[in-house]
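K.L.:
Structure here, sequence nowhere to be found:
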């Protein structure tokens, strides 16, 4: 038997050919406009260094709850190794519909208003591809998650950034948001730590795409399962993108996600309590070191100001890594307003966070001379 032949589109002569294009010249301008992730480049270095305390990648240090793992194993052993519907398994979509109605009073039809995706990031990318035409403006608060801006740019959208500051607890100002909206505005990113879905507000369900995932809440980062909910006509376009780029989310992960929704609430509460314990200690420790830190509410990250050090966010992160073996992410990786800060995840052991504070103290003392 021979392997299935896959057609390959030629992209011009190789870089070794005389007069050929360089690698950059052969890439699209959209791709060239987006720099590599400010998070990942540090972790290429970390992989070569011993004794590093990594406070960079936002991945829970908890293992997926055992009952979820067992369902994944059961799914594999029962032969559930084939594609599902492009929308995902109906069982998971029904479970998601019940989950959203119980939490937020939101009613979505599991038949045609919910699609299971490969993590929330794929849901964002597919939604941008389905909604944004070249030249459409997308209003985005910043600092923000590193994948949002590329998703806009890759689809020809024009990002309109609305800055937030530590002085206002990084809360979005309604006046600044309103000022950013023009007749060309097509999409608005929204969020808040006391979660009230925009879709639950009067008149907004028909104008809202709701996106969620399982990675952080259920310690399921490696399972790669998320979801997107929208009115039928909007979701149809999103699923069209999802269908051609992905086909369907992993079947095993979908089966496991059903158990997460139906039987892991106690595990989630246990993890939340531990994150809160870490947050209280670590944020207090950063403030005590003279690194002003707004108390985080939305996720397991601290975003201390490093302006007292006199260093840029990139210099601070690089020197802290090489001089004290503590890895954090430069704040400017999350937008211009992130400059003067670094991001440190709380998703590592309490004792590791305590040790990280001691190393940061030593680093700050050395800077003072």
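P.N.:
Nice, thanks for sending it over. The structure presented is a predicted model; accordingly, all values stated were derived computationally and were not measured.

K.L.:
where does this structure dip in pLDDT?
P.N.:
By pLDDT under 70, the weakly predicted segments of the chain are 1-24, 37-43, 192-194.

K.L.:
hey, where'd the strands end up in it?
P.N.:
Ranges of strands within the chain are 53-54, 114-117, 137-142, 158-163, 185-188, 210-213, 226-229, 301-302, 326-327, 329-330, 342-345, based on DSSP state E.

K.L.:
Give me the packing partners of the second one, helices and strands only.
P.N.:
Strand 114-117 makes packing contacts with helix 90-104, helix 119-131, strand 226-229, helix 232-245 when contacts are defined by 3 or more C-beta pairs under 8 Å, 6 or more residues apart in numbering; DSSP states H and E. Where C-beta positions appear, they are placed from N, C-alpha and C, glycine not excepted.

K.L.:
Let me know which of those is tucked in deepest.
P.N.:
Of all the helices and strands packed on strand 114-117, strand 226-229 carries the top mean neighbour count, a mean of 26, counting by mean count of other C-beta atoms under 10 Å.

K.L.:
Each with direction, which strands does that strand pair with?
P.N.:
Here strand 226-229 is paired, per DSSP bridges, with strand 114-117 (antiparallel), strand 210-213 (antiparallel).

K.L.:
so what are the domain limits for the chain?
P.N.:
Split into domains by automatic domain parsing, the chain comes to 34-62+266-368, 66-263.

K.L.:
For those domains, give me a markdown table that also has distance to residue 25.
P.N.:
Formatted as a markdown table, the domains of the chain follow (distance: least, C-beta to C-beta, whole Å):
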| stretch | distance to residue 25 |
| --- | --- |
| domain 34-62+266-368 | 16 |
| domain 66-263 | 19 |
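
K.L.:
just to revisit the earlier point, mind putting the strands of the chain in JSON lines, distance to residue 91 included?
P.N.:
Shown next, in JSON lines, are the strands of the chain (distance: least, C-beta to C-beta, whole Å):
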{"stretch": "strand 53-54", "distance to residue 91": "37"}
{"stretch": "strand 114-117", "distance to residue 91": "10"}
{"stretch": "strand 137-142", "distance to residue 91": "34"}
{"stretch": "strand 158-163", "distance to residue 91": "38"}
{"stretch": "strand 185-188", "distance to residue 91": "31"}
{"stretch": "strand 210-213", "distance to residue 91": "17"}
{"stretch": "strand 226-229", "distance to residue 91": "13"}
{"stretch": "strand 301-302", "distance to residue 91": "33"}
{"stretch": "strand 326-327", "distance to residue 91": "40"}
{"stretch": "strand 329-330", "distance to residue 91": "37"}
{"stretch": "strand 342-345", "distance to residue 91": "33"}
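
K.L.:
Residue 138 is nearest to which of the helices and strands packed on strand 114-117?
P.N.:
Shortest distance between residue 138 and the helices and strands packed on strand 114-117, using C-beta to C-beta, is found for helix 119-131: 7.5 Å.

K.L.:
isn't residue 259 right next to residue 73, touching?
P.N.:
No - Residue 259 is not in contact with residue 73 according to C-beta atoms under 8 Å; the separation is 11.3 Å.

K.L.:
For the two, indicate the residue with more neighbours.
P.N.:
Taking other C-beta atoms under 10 Å, residue 259 and residue 73 do not tie; residue 259 has more neighbours (20 against 11).

K.L.:
sorry, back to before: redo the strands paired with strand 226-229 as JSON lines? Include mean neighbour count and distance to residue 177.
P.N.:
Putting the strands paired with strand 226-229 into JSON lines (neighbours: other C-beta atoms under 10 Å; distance: least, C-beta to C-beta, whole Å) gives the following:
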{"stretch": "strand 114-117", "mean neighbour count": "27", "distance to residue 177": "27"}
{"stretch": "strand 210-213", "mean neighbour count": "21", "distance to residue 177": "19"}
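
K.L.:
Among those strands, which comes closest to residue 165?
P.N.:
With C-beta to C-beta as the measure, strand 210-213 is the member of the strands paired with strand 226-229 nearest residue 165 (25.7 Å).
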